[in-house]
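Colleague: sharing a sequence plus its predicted fold:
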Amino acid sequence: MTEPEERTEGLTGVLDAIEQAVVAARSMPMSSSVLVSRAELLDLVAQAREVLPDQLTQADRVLADADTARAAAQEDAERILERARREAAELVSREAVVTAAQEHAAQIVADAQRTADELRRDADDYCDRRLADFEIDLGKVLGQVQAGRAKLAGRLSSDG
């Protein structure tokens, strides 16, 4: 058996190291079981636990950034709508033909609403993409943890 290896970088690196430890482990004669270093795997699991809070913190930052972007987009949209309303009121109050002013104001409001909708959609898409990436990473971690536990359970039941 080998001693625990040096620290790996990030959750994916830790999972790769766990996988490598299982792949490189010596096979048991006439069995699908392998011998792995308990110390090495426990060290890698500890490293994964250390890295996971960083991943969750990063996800929280992404959500906060997305919320900030969405709030900024909402403020921009409100400013645009307010400016559109002021411009529309100014146009109506002038001597210009009321119909032309109303059409122009409606176009400004529609453009502002379209811009606001696009900004909201972009912020939501960004949030969704970042959350999907995080969901994939967590799914991989869960799958690998479950596979490891299943192998351990198989070994424990065959030892008993």
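Modeller: Sure thing, it's come through.
Colleague: in which helix or strand would I find Gly139?
Modeller: helix 98-159 (DSSP states H and E).
Colleague: remind me what that helix packs against, helices and strands.
Modeller: Helix 98-159 sits against helix 10-24, helix 38-93, with contacts defined as 3 or more CB pairs under 8 Å, 6 or more residues apart in numbering; DSSP states H and E. C-beta: built from backbone N, CA, C; applies to glycine.
Colleague: can you point out the buried residues in stretch 73-86?
Modeller: 73, 77, 80-81, 84 (16 or more other CB atoms under 10 Å).
Colleague: pLDDT on the helix holding Gly139, on average?
Modeller: On average, the pLDDT along helix 98-159 is 88.
Colleague: quick one, that helix and helix 10-24 angle?
Modeller: 30 degrees (axes from the mean of the first three to the mean of the last three CA atoms, to 10 degrees).
Colleague: for helix 98-159, the distance to its chain's centre please.
Modeller: 7 Å (CA atoms, centre = their mean, to the nearest Å).
Colleague: and stretch 72-81, by the same measure?
Modeller: The answer for stretch 72-81 is 26 Å, by CA atoms, centre = their mean.
Colleague: what's the answer for stretch 65-84, then?
Modeller: Going by CA atoms, centre = their mean, where stretch 65-84 is centred and where its chain is centred differ by 23 Å.
Colleague: any idea of the mean pLDDT for it?
Modeller: pLDDT averaged over stretch 65-84 gives 90.
Colleague: which parts of stretch 54-67 are buried?
Modeller: 55, 59, 62, 66.
Colleague: any chance of those in CSV, plus distance to Ser37?
Modeller: Shown next, in CSV, are the buried residues of stretch 54-67 (distance: CB to CB, whole Å):
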residue, distance to Ser37
Gln55, 25
Ala59, 32
Val62, 36
Ala66, 42
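Colleague: before we move on, the earlier item: tell me the angle the helix holding Gly139 makes with helix 38-93.
Modeller: Using the same axes, to 10 degrees: helix 98-159 against helix 38-93 is 170 degrees.
Colleague: check contacts around the residue nearest to Phe134 when sequence neighbours are not counted.
Modeller: Among residues not flanking Phe134 along the chain, Ala59 sits closest, at 4.7 Å (CB to CB, 6 or more residues apart in numbering). Contacts here follow CB atoms under 8 Å, 6 or more residues apart in numbering; on that basis Ala59 touches 130-131, 134.
Colleague: narrow these to those that are buried.
Modeller: Buried among those (16+ other CB under 10 Å): 130, 134.
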